[in-house]
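Participant: only the shape, not the letters, is given here:
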């Protein structure tokens, strides 16, 4: 095994073990923290693959944004410190079976696909993404880029409507 | 000329001449590891004594003056004191997360050192998304604060952590927009490209008023992001004792303290790199004689000089402005800084595209 | 040095922190008693659970932050390309900002940016 492979397996083991911890932990805040480490592991995997822009996006959006949001919403609940009750046996077995089937299904798909290997070095320049994003000609992504802002606008309006709705009930 | 850049190149050459590439890489990794640990320790000692001396100077008093010449060894003595203090974990705390949090803070502070150019050609990793890497990794630091605050099982800690959480995430936005102004002017995220673009003058002087506005917004935002006064309401002593690290003692407290100071150093280094040219000496356009004289000063001296100047400015803020309330703080960001920096970015773009900058 | 520097930095940080904590553990003499382990030792005893509920204001700001954070991510590739693409880039970003600014005005109007 080369050093690169060893690092890949170490990162994957880290991601998987943190994922398992986050599902099995019985304190909700701890779950969020394990999820965070799992997401950082995925960013590490991107760094390992040398797609640095995607890695940075992964960290900014998921680790710095979504996990912070999850933690804030945990603090919004009253029981951030309480241990959750242990899941009943039936549910545990059903969960394990679902995981097993899901894993088998994905494994089969990946195994049959047969990924073609590409020898040439990977061009991960950010300027290329930017140029494609601003290109208004055939094959450009100028329209999706503008649509994203409408999507963000909708998200913003939605979150304000939902978050401010509780106000009359407080009084 | 004696400079850090030659040392790095010489070591690399010597190692590759005498060893196989794998071993050369491993030895380089060890050297880099020892160097960053040394830098961390040195920064902690220097910045703490600097903070105390600057505050003493501003308040017209002597400051620490007993240990060593003019009190210069005071922070070393403080470190020794912290080393022999017992590191406690409160009874009701979540012990695991309580002990992991200082490690996270340290790892984040350490990772931020990777793309910083300390001198010409003296950089750990000149990755092609340098600036984005900095803003991405620094966004993790809020997690260590939330972790520490929650795990302590103390209301002061949790309130402090929550306040700094809201503050850090808000000010990240305007810091990012201010950084983007320079990215637009340079057309690259790579730190070395950004420094190279300032060869004929620093962006602060080349980019007219919009860049100056971006610089001011950047300084305000990073002061808030590093939880320093006047934005230190996360650890407002009079209300929350010490904020998120109230329950920490001994070395674990020292690690948080150190990470905080290293973060101040890093954001100032980034500010110096983006707006003041990093290690680039003070050049004026085509004045070759003048530029030649400036080149005599080693690049590392330029870098550390600019960085410590910015650190001094941030320390100066602490004794000049009164602490904000949380509503004022969030108002300042969301109602003023964010719209202004968005509009400012458009102005900078116009300048960059029309080529109006020097 | 490339990506290997990240490994070095992580290991260095762990070694530094663990070393400091271990040395401190060796040289200090720890005692245990119940009062010492109380939250905010020797202060006023805490009333009720420490893990309190926070108001929705923090959550709202986190949501708004996330939206602007995603916007910022889209701006990075744009910023790299903008200078070469020229005025077209400026026009596109003005449209982008204009739409977002509508949302910003809406938030302002609804009082979402006000701390309660």
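Facilitator: Arrived safely, thanks for sending. Everything quoted here is computed from the prediction, not taken from an experiment.
Participant: how many residues are close by residue 113?
Facilitator: Because you didn't say which chain, this covers chain A. Residues lying near residue A:113 (other CB atoms under 10 Å in any protein chain shown) number 8. C-beta here means a position set from N, CA and C on the backbone, and glycine is covered the same way.
Participant: chain B, not that one
Facilitator: 25.
Participant: and the pLDDT for it?
Facilitator: Predicted confidence (pLDDT) at residue B:113: the value is 88.
Participant: what is the burial count for the residue lying closest to it once chain neighbours are set aside?
Facilitator: Excluding its sequence neighbours, the residue lying closest to residue B:113 (CB to CB, 6 or more residues apart in numbering or on different chains) is residue B:36, at 5.8 Å. Applying other CB under 10 Å, we find 20 other residues in the vicinity of residue B:36.
Participant: and for residue A:44?
Facilitator: Neighbours around residue A:44, by other CB under 10 Å: 23.
Participant: what strand or helix carries it?
Facilitator: Using DSSP states H and E, residue A:44 falls within helix A:28-48.
Participant: now do residue B:254
Facilitator: Per DSSP H and E: helix B:250-275 holds residue B:254.
Participant: helix/strand/coil for the residue nearest to residue B:202 when sequence neighbours are not counted?
Facilitator: Closest residue to residue B:202 apart from its sequence neighbours, by CB to CB, 6+ apart: residue B:277 at 4.1 Å. Here residue B:277 is recorded as coil under DSSP: H, G, I helix; E, B strand; the rest coil.
Participant: what's the distance between residue C:57 and residue A:79?
Facilitator: As defined by CB to CB, to the nearest Å, residue C:57 lies at a distance of 20 Å from residue A:79.
Participant: looking at these two, which is more packed in?
Facilitator: residue C:57 (17 against 13).
Participant: that one is in what secondary structure piece?
Facilitator: Assigned by DSSP H and E, residue C:57 falls in helix C:56-85.
Participant: from the chain's centroid, how far away is that helix?
Facilitator: 14 Å (CA atoms, centre = their mean, to the nearest Å).
Participant: tell me if I'm right that residue A:53 and residue A:123 touch.
Facilitator: No. In this structure residue A:53 lies outside contact range of residue A:123 using CB atoms under 8 Å: 11.5 Å.
Participant: what about those two, which has more around it?
Facilitator: More crowded of residue A:53 and residue A:123, by other CB under 10 Å: residue A:53, with 23 against 6.
Participant: how near is that one to residue A:160?
Facilitator: Distance from residue A:53 to residue A:160, counting by CB to CB: 31 Å.
Participant: and residue A:136, by the same measure?
Facilitator: Counting by CB to CB, the separation of residue A:136 from residue A:160 is 32 Å.
Participant: next: residue B:25.
Facilitator: Counting by CB to CB - residue B:25 and residue A:160 are separated by 52 Å.
Participant: over to residue B:122?
Facilitator: According to CB to CB, residue B:122 and residue A:160 sit 48 Å apart.
Participant: how is chain A carved up into domains?
Facilitator: Split into domains by automatic domain parsing, chain A comes to A:1-86, A:125-171.
Participant: those domains: lowest mean pLDDT?
Facilitator: Among these, domain A:125-171 scores lowest, at a mean of 78.
Participant: what helices or strands is the helix holding residue C:57 leaning on?
Facilitator: Contacts defined by 3 or more CB pairs under 8 Å, 6 or more residues apart in numbering or on different chains; DSSP states H and E place helix C:56-85 against helix A:52-57, helix A:67-76, helix A:126-134, helix A:142-163, helix B:155-186, helix B:338-354, helix C:87-110.
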